[in-house]
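> got a predicted structure here, sequence first:
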Number of protein chains: 2
Amino acid sequence: MPNRPLTLPKQDCADCPIRHKAVCAHCEPDELSVLEEIKFYKGFSAGQPIVWAGDQMEFVGSVVSGVASMTQTMEDGRRQMVGLLLPSDFLGRPNRETVAYDVQAATDIVLCCFRRNPFQQLITTTPHISQRLLEMTLDELDAAREWMLLLGRKTAREKIASFLTIIARRDASLKNMSSLGGPLTFDLPLTREAMADYMGLTIETVSRQMTALRKDGVIELDGKRHIIVPDFEALLDETGDDDDGGLPS
Amino acid sequence: MPNRPLTLPKQDCADCPIRHKAVCAHCEPDELSVLEEIKFYKGFSAGQPIVWAGDQMEFVGSVVSGVASMTQTMEDGRRQMVGLLLPSDFLGRPNRETVAYDVQAATDIVLCCFRRNPFQQLITTTPHISQRLLEMTLDELDAAREWMLLLGRKTAREKIASFLTIIARRDASLKNMSSLGGPLTFDLPLTREAMADYMGLTIETVSRQMTALRKDGVIELDGKRHIIVPDFEALLDETGDDDDGGLPS
DNA sequence: GCTTTGGATTGACCTAGATCAACCCAAAGA
DNA sequence: TCTTTGGGTTGATCTAGGTCAATCCAAAGC
């Protein structure tokens, strides 16, 4: 497969989260048609950079399928992931010329994009959109704060368990599962290295804690990436937070 | 001084950041008068709780003077600060009934508040406001991501230095200083314990690293809280990031 | 003036997670 | 088939920062 972004043909938006989850929920038909006009799809394959920090960002959009990561890198190479973009998440920000972090496809990914300038225009004329974006940004901020607790105060084992519940929840909500009671199965969208960058750990520690959780029966591993959680409550008990284990957010 | 929130009399808004920095910048006069009607001031003294996580939040507003912290606490008492509210920062979120984190006055503080429900109403009718809130929330998200790098990848010494530059910058912008070249002086708005909760460290480590920076001549301490930075560039060199040390944000 | 109090400092020691190094293993290419 | 490659695992060792405990010190109260 070619290692460059591909602009996909316009497609039916039934599977495009931005249509129903992000900006369009309350739009009038004519506003929708404007969105339609400036819309296009981009695909990236796993590992491929989407934008580098400092680059001009000529589009905004949301993730249709696949996973991307936002990372920050220090001069000496230390890296910290600061955003994980899963399906329905929004990428890019209105009123910013350049992007502040490296964005990279973690898996093969499809984005539903809008050209930035017309989109910005639309924001000023369509209050629904900026209100919806505010809503999404506040959710992102909440997630970031949860993440800060993880980075600052949790043990390596708690970090791994918390990370796994986050992925499990998002995966379940993607499949429209109503409860996380029984045995649960999902794929890790990240390499051990990316997981380490997510949690502020080294790959060795990630690996060790994964095997520890496996040996303790909290998770089962099928290959490197496929996870089976026999008892979600047991996993939650390892996270350190007093979560109620309810529905995926 | 009484240890309970006091509702201050209406006062001239010249010193109220929300008037010019937050929601009012582009408002029409009649929109301003609506804001005026639902506005009131609250004062809290240092250490006093403003709201607890889970509480109903009946107002939103911005910090006029003083400092507040948002913290998250685990069952076993581990605490992580996830937000630091300095003058002109916005507190509370539209469309959320309850608040997600403990908010506490770090110093004596004055808030310029708006009753939440009418304020939410105003958002739907005044696009400027939600656009401005979006802008502010995006800035907050950027700050959170910077913070995540600090928590996940920086050494204790780098954490302290980074924290000091953040406070120094905000303090300088408050005093309308145009450059941070020369010797620099400011007060720490936090106890060592709150600093530790900010950085994911213990108070002992904070204390040790502060004395280390002092012994190395990077900072001078006058009492426990007053900091003198003889050379801001030298402090920046300790932060670990390749900042240009430019103007305060 | 003396005592209490609560934040802050300092020292001795310990441990969770980092570092360094060897090895595993499945997929891809030749 | 063999080799390469890149992600992953495991072991031995080290160390930054945590833990525990004693002490300091300035402000507040009596």
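Arrived safely, thanks for sending.
> packing partners for whatever helix or strand residue A:132 lives in?
Using DSSP states H and E, residue A:132 falls within helix A:127-153. Applying 3 or more Cβ pairs under 8 Å, 6 or more residues apart in numbering or on different chains; DSSP states H and E, one finds that helix A:127-153 contacts strand A:79-85, strand A:90-91, helix A:116-125, helix A:156-174, strand B:68-73, strand B:79-85, helix B:116-125, helix B:127-153. To be clear about C-beta, it is placed using only N, CA and C from the backbone, and glycine gets the same treatment.
> what about chain A, any weak spots by pLDDT?
Residue ranges of chain A with pLDDT under 70: A:1-36, A:179-181, A:243-249.
> near DNA strand C, which residues of it are found?
Chain A has residues A:155, A:156, A:157, A:200, A:201, A:202, A:204, A:205 near DNA strand C, with proximity defined as Cβ under 7 Å from any atom of the strand.
> if we use 10 Å, what do you get?
A:1, A:76, A:78, A:153-160, A:196, A:199-209, A:212, A:223-224 (Cβ under 10 Å from any atom of the strand).
> write a PyMOL command that selects only the buried members of the residues you listed.
Buried members of the residues of chain A next to DNA strand C, defined by 16 or more other Cβ atoms under 10 Å in any protein chain shown, are picked up in PyMOL with:
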select buried, chain A and resi 78+153+154+156+157+158+159+160+196+199+200+201+205+206+209
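> which of the residues of chain A next to DNA strand C come close to DNA strand D?
Under the cut-off given by Cβ under 10 Å from any atom of the strand, DNA strand D has A:153, A:155, A:196, A:202-209, A:212, A:223-224 from the residues of chain A next to DNA strand C close to it.
> distance check, residue A:230 against residue A:172.
For residue A:230, the distance to residue A:172 equals 15 Å [Cβ to Cβ, to the nearest Å].
> the more surrounded of those two?
residue A:172 (19 against 13; other Cβ atoms under 10 Å in any protein chain shown).
> do you know how far the more buried one is from residue A:204?
Distance of residue A:172 to residue A:204, given as Cβ to Cβ: 30 Å.
> residue A:70 too?
The spacing between residue A:70 and residue A:204, counted by Cβ to Cβ, is 24 Å.
> list the contacts for whichever residue of chain A sits closest to DNA strand C?
Among all residues of chain A, residue A:205 sits closest to DNA strand C, at 3.1 Å; criterion: Cβ to the nearest atom of the strand. Residues near residue A:205 by Cβ atoms under 8 Å, 6 or more residues apart in numbering or on different chains: A:156, A:196.
> now residue A:94
A:60, A:116, A:119, A:120, A:123, A:130, A:133, B:134.
> let's see it at 10 Å
By Cβ atoms under 10 Å, 6 or more residues apart in numbering or on different chains, the contact list for residue A:94 reads A:60, A:116-117, A:119-124, A:129-130, A:133, B:131, B:134-135, B:138.
> got a winner among these for most neighbours?
The most crowded member of these, judged by other Cβ under 10 Å, is residue A:129 (26 neighbours).
> how about the nearest residue to the residue nearest the centre of chain A, chain neighbours excluded?
With distances taken as Cα atoms, centre = their mean, residue A:85 lies nearest the centre of chain A, 2.2 Å away. Leaving aside its chain neighbours, residue A:85 sits nearest to residue A:68 (4.2 Å; criterion: Cβ to Cβ, 6 or more residues apart in numbering or on different chains).
> any idea how far that neighbour is from residue A:90?
Residue A:68 sits at a distance of 11 Å from residue A:90 (criterion: Cβ to Cβ).
> neighbours around residue A:75, how many?
Residue A:75, neighbours per other Cβ under 10 Å, totals 8.
> what helix or strand does it sit in?
Per DSSP H and E, there is no helix or strand for residue A:75.
> can you get me a residue count around residue A:161?
Neighbours of residue A:161 (other Cβ under 10 Å): 24.
> check contacts around the nearest residue to it once chain neighbours are set aside.
Spatially, and ignoring its direct neighbours in sequence, residue A:161 is nearest to residue A:238 (3.6 Å; Cβ to Cβ, 6+ apart). Residue A:238 makes contact with A:155, A:157-158, A:160-162, A:164-165, A:209, A:213, A:216, A:218-219, according to Cβ under 10 Å, 6+ apart.
> now do the end-to-end distance for stretch A:120-136.
From its first residue to its last, stretch A:120-136 covers 16 Å (Cα to Cα, to the nearest Å).
> quick one on the thing from earlier: of the helices and strands packed on helix A:127-153, which is nearest residue B:188?
strand B:79-85 (11.9 Å; Cβ to Cβ).
> output the contacting helices and strands for that closest one.
Strand B:79-85 sits against helix A:127-153, strand B:68-73, strand B:102-105, helix B:127-153, helix B:156-174, helix B:192-199, with contacts defined as 3 or more Cβ pairs under 10 Å, 6 or more residues apart in numbering or on different chains; DSSP states H and E.
> the last one packs against which elements?
Helix B:192-199 is packed against helix A:127-153, strand B:68-73, strand B:79-85, helix B:127-153, helix B:156-174, helix B:203-215, with contacts defined by 3+ Cβ pairs under 10 Å, 6+ apart.
> and it with strand B:68-73, angle?
Counting by axes from the mean of the first three to the mean of the last three Cα atoms, to 10 degrees, helix B:192-199 points 70 degrees away from the direction of strand B:68-73.
> mind listing what's buried in helix B:192-199?
Residues of helix B:192-199 classed as buried by neighbour count (16+ other Cβ under 10 Å): B:192, B:194, B:195, B:196, B:197, B:198, B:199.
> and chain A, what are its domains?
The record's domain parsing of chain A by automatic domain parsing lists A:6-147, A:155-237.
> out of these, flag the one nearest residue B:104.
Smallest distance to residue B:104 across these (Cβ to Cβ): 15.3 Å, for domain A:6-147.
> what's the offset of that closest one from the middle of its chain?
Offset of domain A:6-147 from its chain centre (Cα atoms, centre = their mean, to the nearest Å): 10 Å.
> and what of stretch A:211-219?
25 Å.
> which residues touch it?
Contacts for stretch A:211-219 (Cβ under 10 Å, 6+ apart): A:156-157, A:160-161, A:164, A:168, A:184, A:210, A:220-221, A:227-231, A:234-235, A:237-238.
> tell me the spacing between residue A:154 and residue A:39.
Counting by Cβ to Cβ, the gap between residue A:154 and residue A:39 amounts to 40 Å.
> can you check residue A:176 too?
Distance, residue A:176 to residue A:39, by Cβ to Cβ: 25 Å.
> higher neighbour count, those two?
residue A:39 (22 against 7).
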